[in-house]
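In: Would you be able to build a 3D model of this:
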Amino acid sequence: MPKKILVVDDSMSIRMFIRNFLQERECSLIEARNGQEGLEKFMESDPDITILDLTMPVMDGIEALKKMKEYNPEAKIWIMTADLQTKTHEHVKSLGAESVLKKPPEKDAIYAVIDRQEVNDGLNT
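Out: Residues are numbered from 1 along each chain as shown. Presented below is the predicted three-dimensional model:
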């Protein structure tokens, strides 16, 4: 069964990059350009998986993650960021993120998310 995936990122090139990977897996894609739009689409569409950028206009990924988890504590949300700091990764995981994808994400990492496998977050800890 194809999965419904919400990708929230202000970068059109990153959304297109992920869209190409998802088409190979016949996933249904929903896109949002900022955290506020992402939250609205999250509440409207009830995605199986959400991939959420941290740094965005209007509402950042931290605030969107908090609100999404308040709305649906069982939601499967992966954070995507170029921030490799351990404290950032630990913080988003403490807020309920499944894991962290290094940005730009690699094809195998996107497929691991779709298959709901643990993603190596690129940290040496």
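In: And the contacts of stretch 10-17?
Out: Identification of contacts with stretch 10-17 by Cβ atoms under 8 Å, 6 or more residues apart in numbering yields 7, 9, 31, 33-34, 53, 55-57, 80, 103-105. From N, CA and C alone the C-beta is placed, and that goes for glycine too.
In: Pull the contacting residues for the spatially most central residue of the chain.
Out: In the chain, the C-alpha nearest the mean C-alpha coordinate belongs to Ile51, at 1.4 Å (Cα atoms, centre = their mean). With contacts defined as Cβ under 8 Å, 6+ apart, Ile51 is in contact with 5-9, 18, 77-78, 80, 101, 105, 110, 113.
In: if you set the cut-off to 6 Å instead, what comes out?
Out: For Ile51, the contacting residues are 7, 78, 80, by Cβ atoms under 6 Å, 6 or more residues apart in numbering.
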